[in-house]
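Enquirer: 3D model of this:
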Amino acid sequence: MSWPLFAFLTAFFESGKDVFAKLCLQRCDEYLVAWAWRLLALPFLLPLIPVVGVPPLGAPFWGALLVSGGLNVVTAVLYVRAIRLSDLSLTVPMVALTPLFLLLSSPLILGEFPGPVGLAGVLLIVAGSYLLYLGQRSRGVLAPLRALLGDSGPRLMLLVALLWSITANVDKIGLRHSSTTFWALAVNLFIACAMLPLVLRRRGALAGMGGSFAPLLGLGFCGAMTSLCQMTAISMALVPYVISIKRTSTVLSVLWGHFLFGEQGFRERLAGTCIMVAGAVMITLGQGR
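Expert: So this is what the prediction gives:
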């Protein structure tokens, strides 16, 4: 039952990645940030390859890499652009819908579907992540939904959630035909190489890299750890379970926002936090039921 530990570590590093991405966007082009997210993960992943070795690679591996890598190039750009265009309080809740999409995509792609207890946990985490943002700036209960109609940021993030429900399943196919560490390296390397032409075409995109190297490096580190922990957890458990627990990163984002940036509304979000934690516990206890 070590997979919940890796799933929660995924959530921790995912929230750190968001913090560093927001800091980088203050001075850097969004394409540069999306590229650095993957490129600067490589120095932390490459040293592990001599230890774990290179597994035999067949056609299923390369097919999965092409699909996952290609879609993640799109989601990387959309994700960072959404954060730039709109408040985190309106964009981040959309990502919490990924587990709902996974309830449709995982049975189709992998034949995986949660049991009754695990399914209830998935739904609790989705509901709790939504409740975290109800009181944000007095926007009202339906603020994230209304934002879909009038704000491009949440719409882009909703598309990211949909695409991630596909790539998470394809990642498991890639894992089955390689290894945890090698797959994490391969996906990040593919995305970094594919995005390089996009970055070079952006005039002045590299200009802010020097002055923001520290947060960019932090972004790369958190990205590398997120990939490693997520792939490890996915190799052990159902994809909807892992991604649902990963979405508890929104709880950590609330904590970072309150203690690091002085954001208000912490007490109002405790209800959503408790619901998400309850959902995570149900998923952990419900595996295999």
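
Enquirer: identify the residue spatially nearest to residue 202, adjacent ones excluded.
Expert: Nearest residue to residue 202, sequence neighbours excluded (CB to CB, 6 or more residues apart in numbering): residue 31, at 5.1 Å. (C-beta placed from N, C-alpha, C; glycine too.)

Enquirer: residues contacting that neighbour?
Expert: Counting by CB atoms under 8 Å, 6 or more residues apart in numbering, residue 31 touches 77, 80, 195, 198, 199, 202, 205.

Enquirer: now do it, the pLDDT please.
Expert: Here the pLDDT value assigned to residue 31 is 84.

Enquirer: swap in residue 171?
Expert: Listed pLDDT for residue 171 reads 95.

Enquirer: how about residue 39: what's its closest non-neighbour residue?
Expert: Spatial nearest neighbour of residue 39, chain neighbours left out: residue 192 (4.2 Å); criterion: CB to CB, 6+ apart.

Enquirer: could you check how far that neighbour is from residue 25?
Expert: Applying CB to CB, to the nearest Å, the value for residue 192 to residue 25 is 19 Å.

Enquirer: between these two, tell me which one has more neighbours.
Expert: The neighbour comparison of residue 192 against residue 25 (other CB atoms under 10 Å) goes to residue 192, with 23 against 19.

Enquirer: related to what we said a few turns ago, the residue nearest to residue 39 reaches residue 38, doesn't it?
Expert: Yes - contact between residue 192 and residue 38 holds when scored by CB atoms under 8 Å: they sit 4.3 Å apart.

Enquirer: sorry, back to before: so which strand or helix has the residue nearest to residue 39?
Expert: Using DSSP states H and E, residue 192 sits within helix 180-201.

Enquirer: packing partners of that helix?
Expert: Secondary-structure packing of helix 180-201 (3 or more CB pairs under 8 Å, 6 or more residues apart in numbering; DSSP states H and E): helix 30-39, helix 42-45, helix 49-52, helix 59-85, helix 152-176, helix 213-234.

Enquirer: which residues touch residue 164?
Expert: Here residue 164 is in contact with 75, 95, 98, 101, 243 (CB under 8 Å, 6+ apart).

Enquirer: tell me how many other residues crowd the second one.
Expert: By that I understand residue 95. Residue 95 has 23 neighbours, counted by other CB under 10 Å.

Enquirer: my read: it touches residue 162, true?
Expert: No - Residue 95 lies out of contact with residue 162 (CB under 8 Å); the separation is 10.4 Å.

Enquirer: how far does stretch 36-53 sit from the chain's center?
Expert: Taking CA atoms, centre = their mean, to the nearest Å, the mean C-alpha location of stretch 36-53 is offset from the chain mean by 18 Å.

Enquirer: same question for stretch 212-219.
Expert: Worked out by CA atoms, centre = their mean, stretch 212-219 lies 18 Å from the chain centre.

Enquirer: please apply the same query to stretch 103-113.
Expert: Taking mean C-alpha positions (CA atoms, centre = their mean), stretch 103-113 and its chain are 19 Å apart.

Enquirer: so which bits of it are buried?
Expert: By 16 or more other CB atoms under 10 Å, the buried positions in stretch 103-113 come out as 103, 105, 106, 109, 110, 112.

Enquirer: wait, what's in contact with the fourth one?
Expert: By CB under 8 Å, 6+ apart, the contact list for residue 109 reads 166, 169, 170, 173.

Enquirer: tally of neighbours for residue 131?
Expert: Residue 131, neighbours per other CB under 10 Å, totals 19.
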